[in-house]
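Engineer: output the structure for:
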Amino acid sequence: MTDRKIRVLIAKPGLDGHDRGAKVVARALRDAGMEVIYTGLRQTPEMIAEAALQEDVDCIGLSILSGAHMALVPRILEVLEEYEMTGIPVVLGGIIPDEDVAALKELGVTEVFGPGAITVDIVQVIQKAVAARE
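Structural biologist: Presented below is the predicted three-dimensional model:
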């Protein structure tokens, strides 16, 4: 891996208005030396993919607490494919039932983190996923 900073887009898709966890993760990634672009609340899948393309990110982190992950994540991955960005690792955090984790990983999500996830683990997963892509 080169000396350049890993660029991570943190996004809150859908109508979920709670972003404390996303901000905690964004801070941990910055503290680990990554560049973080935070899109803010209520982003559409198209807005997230467009931001990822425009910002030339190495990884996308999604935070979903609303329960809409099985509708939003597949659409985000679909739009990323339309933009020919299928190799970008996508990590997901939020309230995700265990039975949905395997399905999300099968769709292409790199890792799923639940409440109480250790930020060091999130940093390491992103570093490893980006290094594997390079």
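
Engineer: hmm, residue 21 is touching residue 95, no?
Structural biologist: No: taking C-beta atoms under 8 Å as the definition, residue 21 is not a contact partner of residue 95, at 9.8 Å. Any C-beta I mention is one placed from the backbone N, CA and C, and that applies to glycine too.

Engineer: which residues do those two both contact?
Structural biologist: Residues touching both residue 21 and residue 95 (C-beta atoms under 8 Å, 6 or more residues apart in numbering) are 65, 115.

Engineer: in terms of neighbours, single out the busier of those two.
Structural biologist: Neighbour totals were compared for residue 21 and residue 95, and residue 21 leads with 18 against 14 (other C-beta atoms under 10 Å).

Engineer: measure that one to residue 85 for me?
Structural biologist: Distance from residue 21 to residue 85, counting by C-beta to C-beta, to the nearest Å: 24 Å.

Engineer: same check, this time on residue 79
Structural biologist: Distance check for residue 79 against residue 85: by C-beta to C-beta, it reads 9 Å.

Engineer: shared neighbours of those two, which are they?
Structural biologist: Listed as contacting both residue 79 and residue 85 by C-beta under 8 Å, 6+ apart are residue 49.

Engineer: shaky segments in the chain?
Structural biologist: By pLDDT under 70, the low-scoring segments of the chain are 1-2.

Engineer: all helices in it, in order from the N-terminus.
Structural biologist: 20-31, 45-55, 69-82, 98-107, 119-133 (DSSP state H).

Engineer: out of these, nearest to residue 37?
Structural biologist: Proximity to residue 37 (C-beta to C-beta) singles out helix 45-55 among the helices of the chain, at 5.0 Å.

Engineer: one step back: please produce CSV containing the helices of the chain, extended by distance to residue 39.
Structural biologist: Output for the helices of the chain, formatted as CSV (distance: least, C-beta to C-beta, whole Å):
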stretch, distance to residue 39
helix 20-31, 9
helix 45-55, 5
helix 69-82, 12
helix 98-107, 20
helix 119-133, 17
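
Engineer: perfect, that will be all.
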